[in-house]
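requesting a structural model of the entry that follows:
(2 chains)
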Amino acid sequence: MESWLAQHFFNSAFVYGGSLLVASPIIIHLINRMRYRRVQFAAMEFLLASQKRNQRRVLIEQLILLLLRILIVLAIVALIARLILDPSQLSVFRGAKAHHFVLLDDSGSMQDRDTAKNVTAFESAMDVVRKVVAEGARRPNSQKLTLLTLSDPEQPLFSQQTINDAFLSDLETKLEGLECSHQSLNLANGLTAALKSLADEKAAVKHLHVVSDFRLRDWQDERAIASLVKQLDSAGVTVNFIKTVGERHRNLAVTGLSGELHVAAAGVPVRLTVKVTNYGEKVEEDVSLAVIQDGQKLPLSIKFDKIEAGLEVQREFDITFDSPKKHTIEVGLVGDPLNEDNVRYLALDVSDVNRVLIIDGDPSAEEAGFLVDALAADPELTGYSPLIEPVDFLRRRPLDEFQSIFMLNVSQLPPDALAPLEQYVSNGGGLAWFLGDVVQPDYYNEHLYKEGKGIFPARLSPTPDELTPPLSDNPGPDLQFGSFSAFSVFEGQENPYIDATRVYKYFPVADDWDLDDQVRKDGVTTVATLRNKQPLIFVHEHGKGRIISCLTSCGPSWNNWAVYASYVVMQLELQKYIARTDRMLERRLVGQPIREVIDPAEFTETVEIRSPDPSGERITRMTASRELSSRSEGSDGENPAPENDEPVRLVSTFRETGAPGIYKIKLLDQNQVPLERWIAYNVPVEESELELAATEQIRKQVGEVRVSIQEPGNFQWIAGRDAGQEIRETLLMLLVILLAAEQLMAYKCSYHSSPA
Amino acid sequence: MTQDYRKFLRPEEISRISRLEVKARHIVEGFLSGLHRSPYFGQSVEFVQHREYAQGDDYRRIDWKVWSKTDKYYVKQYEEDTNLRTTLLVDLSESMLFGSGEMTKYEYGCTMAACLSYLLLRQQDSVGLVAFDEAIRSRVESRSKRNHLHALLAAMSNETPAKKTSMFDILSEVAENKARRGMVIIISDLFVERESLFRGLNMLRHRGHDVLLFHVLDDQELDFSYSGTTKFEGMEEMGEIVCDPRSLREGYMEAMEAYLSELRRHCSSNVIDYQTIRTSEHLDAALAHYLNHRIGMRQTVRN
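The predicted structure follows:
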């Protein structure tokens, strides 16, 4: 009984006294019956007649009046004792010893700053944790706390720590050093960790407090969260969602920074594209971006007059790098509530020149001359350095130094030339085929096409074909381009040079080779066709490399394209498309660890990582250690010996990649020559979406499982002060109704002289 | 003894009644005398006027003092004595002792009887008194002398209400003993058995008596404005009851109103003057109310 009262009344001690007060109307009624005045009355005849007639009615009225008065006392007692219909609303610190599992959301959106209060959502969340623990400390050694961040759900900050005054200081120290991550985190992971920890615990009362900003985006995977909450509920865990953000703030974010980085060369302008998204609900005007190159602000202003709510805008700009080395680019906004997505970082390795190899099957290399003119008429403008060589070059020299290789009118390749070419493409090199009159279709079909597994995209017919001359005066262009990024400059407009381009001869594909890309599904895409619908240009991939294959000549022998200006554009675009990208500096999202696998024969075991820090750069030196292979993990012994057929690898993992910026990894080879690799880390764009999930929406998505949802800034739930709010209002209304009914009843039962 | 009966005719009452006298005189002359005063001037104590002698006048009425001065014959004219015989019946039952105000119904009734006696004696009417409860407790024969008032007051003050009322026996006895027709004024709270009351009143009317019924009631009996738990102890052995009077008031008022309506209806049908008198009302107001009512009723009857 006592526990029931404690669960259903905030001030259960008042219930006992209140129960006695319920008897007061009865006692008063009985006393009134016993204490009466005597009156000698003459007209008893009429009084007795009245009593006889009204005895039942009077009795009922008296009982109703008595009942109303008892109910009034009961309502007052319930109000003072704070009746609570839902015991879960009571303070989480009441009753038995409890385990409080606090899941702290430290995703990037938690850095959203409330400019009015000058506090971030994460700071508000830590304040909630402090208050929860402080309330628990009022009942020292009766409560336990586990504190977990969403960014690292496997490693609790505190695990089942008994809450007392000593713990308060430990917590404060830990919270002072706790920083919000910049990552996009999944709430389901945190809930899974909580379920794993709490499900097996049977002794204590279990509470899970999820302290988060509850963005709408967090609830996209509603079924997973609803399922986890249901499992938690089934495991006897009281789930408590605590919101830390009351309203959606405006937010602008730099959501993209990209460009033709793989063909960047010193002195050649590199075109970059920056994207800005307005995640707020209002139009943003006069948005300015600053561009910082290698830590120095450039005299370059990117300005958007207006960005509509919810829209993304982009702007292209050119930057010229003077020296051939690694550079950093940083584009940022100023004065936005969520700072973390206001900056986007980019690292690029600028070459002195981009070398292009041209293999021409014709010893005179006439057609190669047109290509060289197209790519590098002025190398300072394009940044390309073409090299014309015969087929033997492929056998003699390494190919990795070239960004791409153009094969012009090559009849066939010796086996020792084909193998390095295939290896080159597989490793990421770019390859372009142009045919001609010396091409041997049988060789191409057998050794290059290899039934779709080679470095040529299609099976050729035995002989080249001539494109039938147009019969009419206006036959339309010979070249018809499909949807292809490199040819996008030719789309959607009338191009007189393209219209004037004529193809006289070409190699048709074999008759049994299906022309429909969707039917073949071999990864080969037709990006240009001839007037007679025969395919002319293909693109496909081989390994990491890209290949473009043109079934006509590169020079003017089989077409007249080379005499028009569009030829230069086409060749430059093709070069950008096939240029190898495997040597571009890597771009990642914050939180992804840096894992360095080192060949000890080549490098020393020391790994130095320079990571971004508010004070500049932070240098971390690590020693790579031998990685346990899957086969050796199960073996006994602390230092398992490597298998004989498995090369030894040293591994070093750096996990502190939470901050956006440029991370520089430096290795030393055995000759102590440094090798540096840069990685640009940026925040995920998902965290920029600050739209909040409404309380009703959360309840709806959680389903029938009962969860408590606390509004931001409301801490009464910690002490349970707002428990029973809804029944309190009902009780007050009931009390008013009872009082009115009692007065009406009493008025009806009493005599009132009329004014007349 | 003097002090006792004087209590029913207090100076303030006499003063009020003196003011009433103008109206009472009009009533007496217009109504009582209208029925009982001789239409002729006769021999009486009260001189009214002189009139020149005319043939046929009684020589004995010639005022010789006027003849000696004027040498003309004038006769003196007097108000003739009335022959109204009034009997006051005053209820002395135990219920008349009830009173929530300054006066009990008994005191009010006796005071009222005294006032009426004074008024009637001032008009030379003869007034008798019968005080009764379940039997006649005292009787004063009708006299018209002014000093008869003392006898009437003494008769009332000698009695103390104690018993129940038996109205028919009383009224029939009064009817039997009054050979000459006259006026019977009954002052009572009428908490009696109704049938016997109506039979007694009918008997008086059959004997030709003019009956006036003053129903004296206390404010509490008419309004029943008690509150709080009360134990009502009935007078005249009517039992007792503990109740919240507010809850029974409505039923009580209905029963009381039904009784009063029945009384009014019966009196109206038998040409009996009936008037409910509150003990809180001043006597002059009560008498004026009655006399006004009396005029109106008689005029209606005459018309």
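
run a quick neighbour tally on the closest residue to residue A:148 other than its chain neighbours.
Closest residue in space to residue A:148, ignoring its immediate chain neighbours: residue A:156 at 4.8 Å, by CB to CB, 6 or more residues apart in numbering or on different chains. From N, CA and C alone the C-beta is placed, and that goes for glycine too. Burial measure for residue A:156: 19 neighbouring residues, criterion other CB atoms under 10 Å in any protein chain shown.

tell me which helix or strand comes right after the helix or strand harbouring residue A:662.
Assigned by DSSP states H and E, residue A:662 falls within strand A:661-669. Once strand A:661-669 ends, the next helix or strand along the chain (criterion: DSSP H and E) is strand A:674-682.

sheet partners, orientation included, of that next one?
In the sheet, strand A:674-682 lines up against strand A:586-589 (parallel), strand A:661-669 (antiparallel) (DSSP bridges).

out of these, which is the most enclosed?
Mean neighbour count (mean count of other CB atoms under 10 Å in any protein chain shown) peaks for strand A:661-669 among these, with a mean of 19.

what sits up against the strand holding residue A:662?
Strand A:661-669 is contacted from outside by A:328, A:345, A:347, A:594, A:596, A:598, A:602-604, A:606-612, A:617, A:654, A:657, A:674-681, using CB atoms under 8 Å, 6 or more residues apart in numbering or on different chains.

report the distance from that strand to the chain centre.
Centroid separation for strand A:661-669 versus its chain: 26 Å, with CA atoms, centre = their mean, to the nearest Å.

can I get that strand in CSV? Just the C-alpha atoms.
In CSV, the C-alpha atoms belonging to strand A:661-669 read as follows (Å, rounded to 0.1, in the frame of the first residue of the first chain):
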residue,chain,number,x,y,z
GLY,A,661,40.6,20.2,-41.9
ILE,A,662,43.7,18.9,-43.6
TYR,A,663,45.4,15.9,-42.0
LYS,A,664,49.0,15.3,-43.1
ILE,A,665,50.5,11.9,-42.8
LYS,A,666,54.2,11.6,-43.0
LEU,A,667,56.2,8.4,-43.5
LEU,A,668,59.9,8.0,-43.6
ASP,A,669,61.5,5.5,-46.0
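
model confidence over it, on average?
With pLDDT averaged residue by residue, strand A:661-669 scores 91.

who in the stretch 101-250 of chain B is up against chain A?
Proximity of the stretch 101-250 of chain B to chain A (CB under 8 Å from any CB of the partner chain) is limited to residues B:105, B:189, B:191, B:218, B:220-221, B:223-236, B:238-239, B:241-250.

mind checking which of those land in strands?
Secondary structure from DSSP state E places B:230-234, B:241-243 of those in strands.

highest neighbour count among these?
If you rank those by neighbour count (other CB under 10 Å), residue B:232 sits at the top with 26 neighbours.

quickly list what that residue is bridged to.
residue A:39, residue B:241.

tell me the pLDDT at it?
pLDDT, residue B:232: 90.

cool, residue A:508 as well?
Value listed for residue A:508 in the pLDDT field: 93.

contact partners for it?
A:460-461, A:464-465, A:534, A:551.

run the last query once more with 6 Å
A:461, A:465, A:534 (CB atoms under 6 Å, 6 or more residues apart in numbering or on different chains).

thought the first one was touching residue A:510?
Looking back up the chat, that one is residue A:461. Yes: with contacts counted by CB atoms under 6 Å, residue A:461 reaches residue A:510, the gap being 5.1 Å.

and these two? Which one has more around it.
Neighbours around residue A:461 and residue A:510, counted as other CB under 10 Å, are more numerous at residue A:461. The numbers are 18 against 15.

dihedrals phi and psi, residue 237?
In the absence of a named chain, this looks at chain A. Main-chain torsions, residue A:237, degrees, to the nearest 10: phi -100, psi 130.

wrong one, chain B
Dihedral angles (degrees, to the nearest 10) for residue B:237: phi 60, psi 50.

not counting sequence-adjacent ones, nearest residue to the closest residue to chain A within chain B?
Using CB to the nearest CB, the closest approach of chain B to chain A is made by residue B:251 at 2.9 Å. Among residues not flanking residue B:251 along the chain, residue A:50 sits closest, at 2.9 Å (CB to CB, 6+ apart).

equivalent analysis for residue B:256, please.
residue A:46 (4.9 Å).

quick one: secondary structure of that neighbour?
helix (DSSP: H, G, I helix; E, B strand; the rest coil).

what's the domain layout of the chain?
Since no chain was named, I'll use chain A. A:2-87+A:726-749, A:96-248+A:692-722, A:252-350, A:354-578, A:586-633+A:645-684 (automatic domain parsing).

oops, chain B please
Domain segmentation of chain B under automatic domain parsing yields B:2-33+B:82-302, B:38-78.

just the buried ones from the residues of the stretch 101-250 of chain B next to chain A?
With burial judged by 16 or more other CB atoms under 10 Å in any protein chain shown, the buried subset of those is B:105, B:189, B:191, B:218, B:220-221, B:223-224, B:226, B:229-230, B:232, B:234-236, B:238, B:241, B:243-249.

which stretches of the stretch 101-250 of chain B have low pLDDT?
Residues of the stretch 101-250 of chain B that meet the criterion pLDDT under 70 lie in B:162, B:179.

strands along that one, start to end?
Along the stretch 101-250 of chain B, the segments classed as strands by DSSP state E, counting those that start in this stretch run B:126-132, B:136-143, B:183-188, B:210-217, B:230-234, B:240-243.

got a markdown table for the ones you listed, with distance to residue B:276 too?
As requested, those are arranged in a markdown table below (distance: least, CB to CB, whole Å):
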| stretch | distance to residue B:276 |
| --- | --- |
| strand B:126-132 | 20 |
| strand B:136-143 | 25 |
| strand B:183-188 | 12 |
| strand B:210-217 | 5 |
| strand B:230-234 | 21 |
| strand B:240-243 | 25 |
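
residues contacting residue B:66?
So residue B:66 contacts residue B:74 (CB under 6 Å, 6+ apart).

after whichever helix or strand it is part of, next one along is what?
According to DSSP H and E, residue B:66 maps onto helix B:64-70. Moving toward the C-terminus from helix B:64-70, the next helix or strand (DSSP H and E) is strand B:74-78.

how near is residue B:276 to residue B:201?
With distances taken as CB to CB, to the nearest Å, residue B:276 is found 16 Å from residue B:201.

neighbour-wise, which of these two wins?
Shown here are residue B:276 and residue B:201; by other CB under 10 Å, residue B:201 has more neighbours (25 against 17).

out of the contacts of strand A:661-669, list just those in strands.
Those of those lying in strands (DSSP E): A:328, A:345, A:347, A:594, A:596, A:598, A:603-604, A:606-612, A:617, A:654, A:674-681.

now list the buried members of those residues.
Listed as buried from the ones in strands among the contacts of strand A:661-669 are A:328, A:345, A:347, A:594, A:596, A:598, A:603-604, A:607, A:609-612, A:654, A:677-681; burial here means 16+ other CB under 10 Å.
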